[in-house]
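Enquirer: here are the coordinates; sequence isn't available:
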């Protein structure tokens, strides 16, 4: 029973750390999204002002190295956020399993 309690405490600690981390990753994700959208809008306006046909502006913007790097940063931030979220879900599941094991031991099952 003591081993289960130690395991439960470890999962709880991991969960608290993950929640702290996801706050920062959420902020990083939002900043990366903002930076990408702002630069994309600037590039679209610049190309429109130069008279570039609207039909190819999207392709030209996606090929712009700065815009592509910002999109990559945004995608990486999103992936880190989502992987941390999956870790949180997994940790909650493990906590639930250990809690059920503790309950079963208390009932003598």
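Expert: Looks like it arrived, so ask away. Everything numeric in this text was worked out from a predicted model, so none of it was measured.

Enquirer: Skipping adjacent residues, who's closest to residue 43 in space?
Expert: Once flanking residues are discounted, residue 43 sits nearest to residue 61: 4.9 Å by C-beta to C-beta, 6 or more residues apart in numbering. C-beta: built from backbone N, CA, C; applies to glycine.

Enquirer: what's the spacing between the host helix or strand of the one you found and its chain's center?
Expert: Using DSSP states H and E, residue 61 maps to helix 54-63. Taking the mean C-alpha point of helix 54-63 and that of its whole chain, the gap between them comes to 28 Å (C-alpha atoms, centre = their mean, to the nearest Å).

Enquirer: what's the answer for stretch 76-88, then?
Expert: Remark: stretch 76-88 is offset 3 Å from the chain centroid, using C-alpha atoms, centre = their mean.

Enquirer: What of stretch 60-67?
Expert: Distance of stretch 60-67 from the chain centroid (C-alpha atoms, centre = their mean) equals 24 Å.

Enquirer: circling back to that earlier point, dump the residue contacts of the residue nearest to residue 43.
Expert: Contacts were defined as C-beta atoms under 8 Å, 6 or more residues apart in numbering; by that measure residue 61 touches 40, 43-44, 47, 67.

Enquirer: Tell me the buried residues in the helix holding residue 61?
Expert: By 16 or more other C-beta atoms under 10 Å, the buried positions in helix 54-63 come out as 57, 61.

Enquirer: and it, what's its mean pLDDT?
Expert: Confidence for helix 54-63, expressed as mean pLDDT, is 95.

Enquirer: Present the contacts of residue 61 as CSV; the columns should include secondary structure, neighbour count and distance to residue 91.
Expert: Rendered in CSV, the data for those read as follows (DSSP: H, G, I helix; E, B strand; the rest coil; neighbours: other C-beta atoms under 10 Å; distance: C-beta to C-beta, whole Å):
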residue, secondary structure, neighbour count, distance to residue 91
40, helix, 18, 36
43, helix, 17, 41
44, helix, 17, 42
47, helix, 18, 46
67, helix, 18, 36
